[in-house]
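>>> Got a predicted structure plus its sequence, pasted below:
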Amino acid sequence: MGLLTPLVNLTKRMGQHRSVITFTRMVVVPADRVVARLTRGKLITFGVDELPTLLLTTTGRRSGKPRSVPILYLADGDSWVVAGSNFGQEQHPAWSANLLANPEASVVVRGKSVTVRAHLAEGAERERLLAALKGLWPAFAKYEEWSHRTLRIFRLTPTS
């Protein structure tokens, strides 16, 4: 058991409470964006092995500008899997709509920038990936319940 394991386990339990999620959405995520930008993606607040986080950059579907967001991911083969949970809010996150409009994106994982193509998982693939994501972050089950919507699950596959 690593030194961070008890803290990560506590974070996973606390992450299922709305007040903690609101704090995370309003404070931690903006701080993550700043830290990731300053360190060129080498450091993201919860980017520990037990809660791996990448920096996803999409192209704004209306603005055409790059939009970056730190997001929890699950490695699946040579791809990364992310969930459009939006912390259980009723609307899908903007980045997921950006990927639907333009699946070309980039990620920074452990300080390495990679160009990816997003694929929206459906059917049995989606169910398998969502179950794996819930194993990583149990709050995904709460997010679906709170949001009253189907979470968008994306596979991000390197293009090079």
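Ah, there it is. If you're wondering where the values come from, they're calculated on a predicted model, not measured in any experiment. Numbering: from 1, shown residues only.
>>> can you pull the pLDDT of residue 39?
Note on residue 39: pLDDT of 66.
>>> ditto for residue 93
95.
>>> Now it: closest residue in space, sequence neighbours ignored.
When the adjacent residues along the chain are set aside, residue 93 lies closest to residue 86, with 4.1 Å between them (CB to CB, 6 or more residues apart in numbering). (Glycine included, C-beta is placed from N, CA and C.)
>>> In stretch 103-118, which residues are buried?
Buried residues in stretch 103-118, counting neighbours by 16 or more other CB atoms under 10 Å, are found at 103, 105, 106, 107, 108, 109, 114, 116, 118.
>>> Just give me the closest of those residues to residue 27.
The closest of the buried residues of stretch 103-118 to residue 27 turns out to be residue 108 (CB to CB; 21.4 Å).
>>> in the sheet, who's paired with that closest one?
For residue 108, the beta-bridge partners under DSSP bridges are residue 55, residue 113.
>>> picking that back up, tell me how many other residues crowd the residue nearest to residue 93.
20 (other CB atoms under 10 Å).
>>> so how far is residue 151 from it?
When distance is defined by CB to CB, to the nearest Å, residue 86 is 9 Å away from residue 151.
>>> Next: residue 128.
According to CB to CB, residue 128 stands 14 Å off from residue 151.
>>> Can you check which residues contact both of residue 86 and residue 151?
Residues touching both residue 86 and residue 151 comprise residue 143, with contact defined as CB atoms under 8 Å, 6 or more residues apart in numbering.
>>> where's the residue most central in space within the chain relative to residue 123, distance?
Taking CA atoms, centre = their mean as the criterion, residue 71 is the residue nearest the geometric centre of the chain, at 2.7 Å. Taking CB to CB as the measure, residue 71 and residue 123 are separated by 23 Å.
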